Structure formats: C-alpha cells, structure tokens
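> build me a structure from this.
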Amino acid sequence: MRTMILGAALALSPLSAAAQATLTAETTTPGSTPHYIDTTLAAVLDSAGVATLQITEGATLTNSVQAVAEGRLDMAPAPLILPFLLSKGIGPYAGIGPEKGAELAANIRVIFFNAGSAQLFGYYNSNPVEDIRNLEGLRIWNGPPRGAALTSGRAMLQLLAGAKDGEGYEGVQTPWPDTVSTITGGGADAWTIPEGLPSGRQIAIAAVGGITLFDVPSDLLNSELGKQILAAPGHAPYSVPVEDFRAAYAGNDITVITDDDTFDSFATAFGQIVPAGLDEQLVYDITKAYLEGEDRFLKGSPRGPYAMMSFGDIDGVSQGACGAVQIKMHPGAIRAFEDAGHTVADCLRP
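Numbers count the residues shown, from 1 in each chain. Purely as a prediction, here's the structure:
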C-alpha cells in the first residue's frame, strides 16, 4: 500500500521539478552588475522550475567566454568586446589564432543583453588628483590583468589625459577579488573601473575614506577620440541624471563631479551567453522566465533600474551589436522574445 501511495504521489508531483536542468555558470565578484543579474536570474529560474544555476563567482570573463565557446560552461555574462576579440584571435586570444578563434566565436549565442557598467574615474580625497587631464607619474588601477575591463580602463585614461599605460602613468592590475583591498591598501593613487549604479565596490572603497568620482568631461566625450571609443566594439553610450547618480550613493562619503547635469560615459555592452548547441526548448524556457521576471530584476536592487537590461524590442545597435560586433542570439531566446510580443532585428538571427 505504501508503495502504491508513493507512486501516486510521484505521479502527481510537478513535472517541472523532474525536468529542472542543472547548468554551470560563471560571473564576476559580488557588488557588480553582472553578479546581480546572474544571481537574480538563478533565483528566477529556480522559482520557475526551469533550471538550477551552479555559479562560480569572481571569474575572469575572458576565460569564461572561451569556456562557453568551447562548450565547457553553460552560461556567462560576456562583455561584447570579448567575442569580437575571440573571433579575430587577437588581444587576450592571440594564442588561439584567427582561424580557431573564429570557429569558437561562432559557437556563442546571446539570450539577452544589458549595458549597466559605466566607466568612471576616482581617487581618495586625502590624496586628490589635481587635474584628471594630467595623470603623469600616477599609479592607477585600470583593470584585472587582462580582458575587456582592462581595455576599457586604458581607453578611459587615454581619453582623459592622452596617456598610455606604462608611459604617462603606471597601470596597476589585480584580479577582481583583490581590487578593493589593493585600492584601500594604498596600492594605487587613483582608479578607473566600469561600475553599475550604485556600486558596492565604490561604497566599500569609500568606507575607508571619502572619495570623488568623475564622469567623462563633455568636450572629451564629444572629441574624435571620444566618438571612436563610444563606437568601439563592446561599448555603448551611457547617460544618467547626475542627481540620480548622487542619490544612489546618499549616505556614503562619495562626491560626484560632472560638467553638466548628467553623468556621461561609455558603458560596457554585455550579452548573457550560452553555447550555440544548448537545447532550444531549455533556452526558450530560460528566456521566458527571464522576461516574466522583469519586475524582480528591476526592483530587486537599487541598481536594477540602471542595469539597462533588455526586456523589449531588440534592434541590435542599441545593445552594442550589429556593428563591429557580429554576435547572434540563440533561436530559443528569439522565440521567447517574439512570443512575448517583442521584435528582434534580423542581424541577430543565426
């Protein structure tokens, strides 16, 4: 009798529980926009009975992108410059070469986009930078040892001061988990980091002493070099009312300086990536749960409204794709967006 009851109970249990997949994922350190998106996505997928995400934190996304392309990892947040560099076999992927790089990049698919990390420049008020356009001789933390953030950090310092790493200033690079301790420990005179709003990392840095954060001055952003950086693979324009930016850090010893009423910079365009061969129905279910979880993503954290996540029509260009970056969406994701009533640009179709 007990066997029959157990059998009946199992037969009546939700099918989704039995069908729930287990996927591997990597993300950045806690306090970052990708980390917030990935952990929220994990909660959304678990609640929907779609999948369990086993997430490794503090990853170097250069490695994560390659792991997804090789099919060794199921999901990762990808700064779009990385699939671009991989497709060319250049930069951090120079050792792979153009032919193999193009083959690997062709195995990457996006399920949704975001652009919530904007490049900023900061220093401690106790050790101020007198002129952010003159960084001569300073030690500046500008990224992890390699990858998209380092490329963007170097671009920011070249835009601000016309300086190159190792020539006009001394670049300091450490793995992401060591960023805060390096800066708070006096390992750098200033820093430039792509950050979401608000940034737990900047709040942690300010806990040691007051800091000042800058955007990109308007004349520099509108310069020829500024326009080139805005249009560079993996970048997108970023603009937030400065009062919103300051309000996000209310209660912390953080001063925000801009030359107008907006905080303007260049954002790091991201795509949530999976291997091209990941089951289409599973990707559909993941993307459907993501779209239905919009309210949770936007309200689950103060940074939600500023994560620039894709919950509507996707034209490709606004997301940092369909230009130099020629990346495609997964068919399962396209179907989920279209079933929800949204359009997807042809340039994103495999």
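
> how about low-confidence regions in the stretch 201-350 of the chain?
Along the stretch 201-350 of the chain, segments meeting pLDDT under 70 are nowhere present.

> quick one, strands of it?
211-214, 235-241, 254-257, 262-275, 328-329 (DSSP state E, counting those that start in this stretch).

> mind checking which of these is nearest S152?
S152 sits nearest to strand 262-275 of all the strands of the stretch 201-350 of the chain, at 6.0 Å, using CB to CB. (C-beta placed from N, C-alpha, C; glycine too.)

> any idea how far the closest one is from the middle of the chain?
5 Å (CA atoms, centre = their mean, to the nearest Å).

> please apply the same query to stretch 82-95.
Here the centre of stretch 82-95 is set off from its chain's centre by 18 Å, with CA atoms, centre = their mean.

> end to end, how far does that stretch reach?
The first and last residues of stretch 82-95 sit 14 Å apart, counting by CA to CA, to the nearest Å.

> residue contacts, L135?
Neighbouring residues of L135 by CB atoms under 8 Å, 6 or more residues apart in numbering: 129, 157, 160-161, 163, 168-169, 190.

> equivalent analysis for I211, please.
For I211, counting by CB under 8 Å, 6+ apart, the contacting residues are 122-125, 202, 205, 253-255.

> now, which of those sits nearest A51?
Minimum separation from A51 among those (CB to CB) is found for Q202, which lies at 32.2 Å.

> tell me the pLDDT of A19.
According to the predicted model, the pLDDT of A19 comes to 61.

> list buried residues within the contacts of I211.
The neighbour-count test (16 or more other CB atoms under 10 Å) marks 122-124, 202, 205, 254 as buried among the contacts of I211.

> how about those residues in TSV, adding distance to P237?
Written out in TSV, the entries for those read as follows (distance: CB to CB, whole Å):
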residue	distance to P237
G122	21
Y123	25
Y124	29
Q202	21
I205	26
I254	23
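
> out of those residues, which is nearest to S310?
For these, the nearest to S310 is Q202 (25.2 Å; CB to CB).

> I'd say that closest one and V256 touch.
No - taking CB atoms under 8 Å as the contact criterion, Q202 and V256 are not neighbours in contact, 10.2 Å apart.

> break the protein down into its structural domains.
Annotated domains of the chain cover 21-115+269-348, 117-268 [automatic domain parsing].

> end-to-end on the first one?
One end of domain 21-115+269-348 sits 26 Å from the other (CA to CA).

> now that domain: how far from the chain's centre is it?
Averaged over its C-alpha atoms, domain 21-115+269-348 has a centre that lies 10 Å from its chain's centre (CA atoms, centre = their mean).

> numbering from 28 from now on, please.
All right, first residue 28 from here; so that's domain 48-142+296-375.

> not counting sequence-adjacent ones, nearest residue to Q47?
Nearest in space to Q47, with sequence neighbours left out and distances taken as CB to CB, 6 or more residues apart in numbering, is G76 at 5.4 Å.

> turn the strands of the stretch 228-377 of the chain into JSON lines, columns for distance to G170.
As requested, these are arranged in JSON lines below (distance: least, CB to CB, whole Å):
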{"stretch": "strand 238-241", "distance to G170": "17"}
{"stretch": "strand 262-268", "distance to G170": "15"}
{"stretch": "strand 281-284", "distance to G170": "21"}
{"stretch": "strand 289-302", "distance to G170": "11"}
{"stretch": "strand 355-356", "distance to G170": "28"}
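
> which ones are touching V283?
239-241, 269, 272-273, 276, 290.

> can I get the buried part of the residues you listed as one PyMOL selection?
Buried members of the contacts of V283 can be picked out in PyMOL with the line below, counting by 16+ other CB under 10 Å:
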select buried, resi 239+240+241+269+272+276+290
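
> surely A303 and N134 touch.
Yes - A contact is recorded between A303 and N134 when judged using CB under 8 Å, the distance being 4.9 Å.

> where along the stretch 28-177 of the chain do the helices fall?
In the stretch 28-177 of the chain, the helices defined using DSSP state H, counting those that start in this stretch lie at 29-39, 42-46, 60-75, 88-96, 108-115, 125-132, 175-188.
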